[in-house]
Each structure stands twice: as structure tokens, then as C-alpha cells.
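> Structure of the sequence below:
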Amino acid sequence: MDSLKQAAQAYASRHANSDGLAVTPVPGLKMMYIESPSGDLHSVYRPLVCLVLQGAKRMTVGREQQVFSAGQSVIVSADMPVVGRIVQASRSEPYLAVAVELEMTILRELTAQLGSVRPLRPSETRTLFAEDTEAAALDCASRLMRLLDRPDAIPLLRDGIMHELHYWLLSGPHGVALRALADPESHASRLAAAIAILRAEYRSRVSAERLAAAAAMSLTAFHKHFKQMTSLTPGQYQKRLRLVEARRLMLDEGLSASSSGFEVGYESVSQFTRDYARLFKAPPKRDALRVRSAARGIREEMPDGERARAA
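Numbers count the residues shown, from 1 in each chain. Got it, this is the predicted structure:
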């Protein structure tokens, strides 16, 4: 794991944004790099596996909350609003993690080849769980990381590595839950069709009837199972998508508070400000200034060489 940790730290320390997230040219491969414990980090995860390499992070997904530390692999098994908080990190040993988004096509293909298992009841389905990271998963992550130095190899080698990673996850202790996610008849899979509409059209009003039809459920069953899985109503879920994206537009693309609100579908600046402050504990302008100030402070503390590489 040491070589993976060194490679991830070298890349993420140069490319991480204000929230510590570093995206890469390898589709689905991301990293987190944070040097000190911080406040809540709000995001909307796609299904993914996150390999914690250093430090610790508390994650809240729906009604579940756990602390994950170095040596563990975290799996988020559905498109979920996630509240994260770094609880162990320092300048000398920052929080460091590598995340790989799961691909439903691969999960379903491999599940069909591996054979069926006892289906989970809705009450048994979990959206957040961890396991000790297995050597095979670390090896796959390391090989994905090596593609960063050989961009010409990404289209040739990535798909094979992703198939292997999904195989090891399906063969591991949480394979039953992941197979349930891959089952097109499971509640999680059917709700994913409705969530895909919300993600694609979060700026617009989407009727509950349309979402229920996409999930092949009655309106009553849809509301029940959606709330059971996400802890939010469809309207609250869409609002979370809007607010998380508005914050990204302000921090990463420099939009003003009012422009970002309109961009994500709000028609009233005052309503946007109220909703934003309720989620992020500060009005949009103040929150953006606080995050930018904290980021400047970290950069000013860097040695000159590190500061130049991070620019």
C-alpha cells in the first residue's frame, strides 16, 4: 500500500480542489487529499468504492454513519447524498483516499456469470459499508494510478482493470449487497432509474408520478422506498443536488451566489440563500469566502516548491 499511497499523495496534493477532491484523466478514478480536520463536506456520490490510505473520515449516508480509517475500503452502493467529515489528518499525514466509481454494466455482467444468490429484503439493503482492503483491490487501484503516467494506455487497459476490480468486490464479503444492486428487479436498481432522471434534470421540476413510473412502482411504494434508501424525499434529494452543484460553481468556477442559484434552477435568490444556509450553515457568499480563505492559508504555509507544483 505504501507505493499506492505515495503515488496518490503526489498527484492529489497538486490537483485537489478547495474540498480536497482531485479528479483524474482516468474515467471514474478520483482522490481525496485533506491536511487537517474540517467541517462537513456535502456531496452526492455515485456508487463507488473508496480505499482509505491514510487518516480517517466519518461518513453519513441516509440513516447510516460510520468512521472509516486507513486500511479499510468503503463502498457506497447507491447514488446518495453524503455528508463527510475528516476526523484524522495533519500536515505530515494528510487524509488520503482513492475512489473508483462502480459501473452497473460491469456489475450486472459479472453477476450473471457468477450466478444468483439469495435476494435481499428491502430492510436488509445497506448503502454504506466497509471491509478491510484486500490486496487484490489495492493492486487494481495501483494499476489504475499507473495509467496517469501513460495516458495513451488508458483506453487500452482501463476496462480490463475495472472488470478485475469489480470481480474482486463481488467475490468479497459484501458481494451479496453488490449483487442486489446489480439485480434489475431489486428496489435499489429500480430506484436508480428514478435517481438518474433527478440527476440529469435537477434544474427542472420533475413530477413524482414520472419518477415512480421510471422505478416501476406505485406512487405510494415509490415514496416509501425512496425515503427508506436515501432518508430524503425526492424533492429534498433534488434540492440537495442543486445546492451541492451551486457550491461547486461558486468555488471551482467563480460564479456569484445569485448566478449559481439561477444556474441550478432556483427562481428566487432569497429562497436559494435560505436553503443554502440551512445545508452549509452559512449564506453562500460567506461560505465561499471562508473556503477560499482557508485554501489561501494552506497555500501560504506551503514551501515555495510545493506551492509552485500546486498552482
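> How far away from the center of its chain is stretch 258-266?
When distances are taken as Cα atoms, centre = their mean, to the nearest Å, stretch 258-266 is centred 23 Å away from the chain's centroid.
> What of stretch 102-112?
In terms of Cα atoms, centre = their mean, the gap separating the centre of stretch 102-112 from the centre of its chain is 19 Å.
> Could you give the backbone dihedrals for Lys5?
For Lys5, the backbone dihedrals (degrees, to the nearest 10) come out as phi -60, psi -40.
> start at 54 instead
Taking 54 as the first residue, the last one we looked at is Lys58.
> Chain neighbours aside, what residue packs nearest to it?
Leu106 (4.6 Å; Cβ to Cβ, 6 or more residues apart in numbering). All C-beta spots, glycine's among them, are computed from the backbone N, C-alpha and C.
> next SSE after the helix or strand harbouring the one you found?
Remark: Leu106 resides in strand 101-107, with elements defined by DSSP states H and E. Once the chain leaves strand 101-107, the next helix or strand it forms, by DSSP H and E, is strand 109-114.
> Show me what that following strand is packed against.
Here strand 109-114 is seen to pack against strand 117-122, strand 133-141, strand 148-154 when contacts are counted using 3 or more Cβ pairs under 8 Å, 6 or more residues apart in numbering; DSSP states H and E.
> Any idea which of the ones you listed gets closest to Tyr98?
Taking Cβ to Cβ as the criterion, strand 133-141 is the member of the helices and strands packed on strand 109-114 that comes nearest to Tyr98, at 4.9 Å.
> what lines up beside the closest one in the sheet?
Strands adjacent to strand 133-141 in the sheet, as given by DSSP bridges, are strand 94-98 (antiparallel), strand 109-114 (antiparallel).
> Which one of these lies nearest to Ala69?
The stretch from these with the least distance to Ala69 (Cβ to Cβ) is strand 94-98; that distance is 12.2 Å.
> angle of that closest one against strand 148-154?
Counting by axes from the mean of the first three to the mean of the last three Cα atoms, to 10 degrees, strand 94-98 lies at 20 degrees to strand 148-154.
> So what touches strand 94-98?
Strand 94-98 is contacted by residues 72-73, 114, 129, 132-139, 252, 293-294, 296-297, 300, 332-333 when judged by Cβ atoms under 8 Å, 6 or more residues apart in numbering.
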